[in-house]
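no sequence on this one, just coordinates:
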Ligand SMILES: C[S@@+](CC[C@H](N)C(=O)[O-])C[C@H]1O[C@@H](n2cnc3c(N)ncnc32)[C@H](O)[C@@H]1O
């Protein structure tokens, strides 16, 4: 792997040496800075301290001694670029992707997989401690993992000047890609075809971003960015080039149920853990009434309806139509409500026994937390994709609820992303 060596001025003090002369002006010249990495933090970078200042470096490991190009200015104070690993960790491995370090998708390919899991669990425990003053022993957090590679069922590709790829980290620059080892075989097949198609005269130049979603048999294409409406014959061309292309919704099987997913509807991206995630989120829960908030296409509503007498599912996005269709198709009675979960909670008078909430990265937020506290369901399970917003929500809930179960489900191997399931029980 190669890292860009960024030559920038580094006007701060610290261990960076200085002192080149240029036209009579004494310029401080960028020098490599030696750092010892203390720990990994949420976001994928390693933290070190230099003269009391915190510096973050990507693609490193705790305990490593590395050389970095120092941060460019106070404005970017925290972020250095890795130049060289002087003393590597025993957990350092060779990344398997040719564009790792350039592409914005992966952050941990240089870390062996068991160590990735341990580091993520540690980050989760620390985030809950810092953000919510929750002391949950790291060893009590269960860790569930599936395939470390080839797990993604969805990918978004960008297209520029006859090239297909991903965006560079924190930039709009296109990094051309010919394969993607965290994506499924079918996505890689689609990527290979796309690489040929974008060089063809027939490629509509105004299509600059395309998403592919697959269950390995069917393939759904969603145009994400185009400056003009895309003609039908473009999709017909995709259909001929990529076997399995479906014109509309894709039927995805999970734990024996079929979920119809329309274009641009949310669906879990880890094909090896999607069923396990649903099982773990619901756990032993059963009873008379349950709510599934932020329900998507009904991944949790369907199994919940087999364990509770009455289930209400709330979804505000496109997936609301899928939700209704999927619960009906399973022959289950679920009250599907197309609404914001916050508005639903404000209008609700009585709490069910069980609430399952799987919000987007922003988390539940103050309104939902306040209403859940007021309504007081016996059990709440939160499925969270951002530990920081989860910590904030738990800080609000912890006076009335205690953690019964905490699990980290590694839905995003090779990346810093952390998926958490927290089962809460009312204290009183
Ligand atoms: C992380 S996904 C979870 C979906 C589903 N639980 C699953 O596992 O497939 C979050 C879902 O919440 C929906 N959503 C976002 N904001 C919402 C809100 N304020 N109220 C209700 N649904 C919302 C999104 O459209 C998305 O389908």
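Ah, there it is. Computed from a predicted model, the values in this text were never measured in an experiment.

Nearest spatial neighbour of the residue in the stretch 1-150 of the chain that the ligand sits nearest to, chain-adjacent residues omitted?
Residue of the stretch 1-150 of the chain nearest the ligand, by CB to the nearest ligand atom: residue 144 (15.1 Å). Backbone N, C-alpha and C define where each C-beta goes, glycine included. Nearest residue to residue 144, sequence neighbours excluded (CB to CB, 6 or more residues apart in numbering): residue 409, at 4.7 Å.

mind listing what the residue of the stretch 1-150 of the chain closest to the ligand touches?
Residue 144 sits next to 273, 276, 280, 407, 408, 409, 410 when contact means CB atoms under 8 Å, 6 or more residues apart in numbering.

Distance check, the third one against the ligand.
Residue 280 is 12 Å from the ligand, where distance means CB to the nearest ligand atom, to the nearest Å.

Next, count neighbours for that residue.
Using other CB atoms under 10 Å, residue 280 has 18 other residues around it.

Just the element for residue 44, please.
Element membership for residue 44, per DSSP states H and E: none, as it lies in no helix or strand.

can you count the residues close to it?
Residues contacting residue 44 under the criterion other CB under 10 Å number 21.

Show me where the stretch 301-428 of the chain dips below the pLDDT cut-off.
Of all residues in the stretch 301-428 of the chain, none has pLDDT under 70.

Please list the residues of it that sit near the ligand.
With CB under 6 Å from any ligand atom as the criterion, the stretch 301-428 of the chain comes near the ligand at residues 314, 315, 316, 317, 319, 340, 341, 342, 358, 360.

try 8 Å this time
Contact residues, the stretch 301-428 of the chain versus the ligand (CB under 8 Å from any ligand atom): 314-320, 339-344, 356, 358-360, 362, 383, 385.

among those, which ones are buried?
314-320, 340-342, 344, 356, 358-359, 383, 385 (16 or more other CB atoms under 10 Å).

Can you tell me which of those residues is nearest the ligand?
Lowest distance from the ligand to these (CB to the nearest ligand atom) belongs to residue 317, with 2.7 Å.

Look up how far residue 389 lies from the closest one.
The spacing between residue 317 and residue 389, counted by CB to CB, to the nearest Å, is 18 Å.

circling back to that earlier point, out of the buried ones among the residues of the stretch 301-428 of the chain next to the ligand, which are inside strands?
Using DSSP state E, 314, 315, 356, 383 are the members of these that sit in strands.

doesn't residue 421 make contact with the last one?
Yes: counting by CB atoms under 8 Å, a contact exists between residue 383 and residue 421, whose distance comes to 5.5 Å.

Just list the residues touching the residue most central in space within the chain, thanks.
Nearest residue to the geometric centre of the chain (CA atoms, centre = their mean): residue 417, 4.7 Å. By CB under 8 Å, 6+ apart, the contact set of residue 417 is 385, 411.

same thing with residue 276?
With contact taken as CB under 8 Å, 6+ apart, residue 276 is in contact with 144, 146, 409.

if you look at the contacts of residue 144, which of them are in strands?
If you go by DSSP E, those have 407, 408, 409 in strands.

What is the neighbour count of the last one?
Neighbour count for residue 409, taken as other CB under 10 Å: 22.

what do you get for residue 277?
23.

Contacts only, for it.
268, 270, 299, 383, 409, 411, 419, 421.

Residue 92 contacts residue 111, doesn't it?
Yes: counting by CB under 8 Å, residue 111 is a contact partner of residue 92 at 7.1 Å.

Need the overlap of contacts for these two.
With CB under 8 Å, 6+ apart, residue 92 and residue 111 have common neighbours residue 61.

the more surrounded of those two?
Each of residue 92 and residue 111 has its neighbours counted (other CB under 10 Å); residue 111 has more, 25 against 16.

ok, and the closest non-adjacent residue to residue 383?
Leaving aside its chain neighbours, residue 383 sits nearest to residue 358 (3.9 Å; criterion: CB to CB, 6+ apart).

Which helix runs longest in this structure?
If you go by DSSP state H, the chain has its longest helix at helix 113-132.

Parallel or antiparallel, list what pairs with the following helix or strand past that one.
Helices and strands here follow DSSP H and E; after helix 113-132, the next one along the chain is strand 142-144. Applying DSSP bridges, strand 142-144 is found paired with strand 401-409 (parallel).

Report the buried residues of the strand it pairs with.
401, 403, 405, 406, 407, 408, 409.

Distance-wise, check the third one relative to residue 420.
If you measure residue 405 against residue 420 using CB to CB, the figure is 11 Å.

Overlap in contacts, residue 383 and residue 421.
Common neighbours of residue 383 and residue 421, using CB under 8 Å, 6+ apart, are 277, 281.

which stretches of this structure aren't confidently modelled?
Counting by pLDDT under 70, the ranges of the chain that qualify are 1-30, 73-77.

what about residue 167, how many neighbours?
Look at residue 167: counted by other CB under 10 Å, it has 17 neighbours.

Excluding sequence neighbours, find me the nearest residue to it.
Closest to residue 167 by CB to CB, 6+ apart is residue 104, at 5.3 Å.

how many other residues sit next to the one you found?
Residues near residue 104, counting by other CB under 10 Å, number 15.

In contact with it, which residues?
By CB under 8 Å, 6+ apart, the contact set of residue 104 is 166, 167, 168, 169, 170, 171, 175.

Save those as CSV, and put in distance to the ligand and secondary structure too.
Below are the contacts of residue 104 laid out as CSV (distance: CB to the nearest ligand atom, whole Å; DSSP: H, G, I helix; E, B strand; the rest coil):
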residue, distance to the ligand, secondary structure
166, 22, strand
167, 22, strand
168, 26, strand
169, 23, coil
170, 23, coil
171, 26, coil
175, 27, strand
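
three-state assignment of the residue nearest to residue 335 when sequence neighbours are not counted?
Take residue 335 and drop its neighbours on the chain: the residue closest to it by CB to CB, 6+ apart is residue 312, 4.4 Å away. Following DSSP: H, G, I helix; E, B strand; the rest coil, residue 312 is assigned to strand.

Hmm, residue 312 is touching residue 292, no?
Yes: applying CB under 8 Å, one finds residue 312 in contact with residue 292, separated by 7.3 Å.
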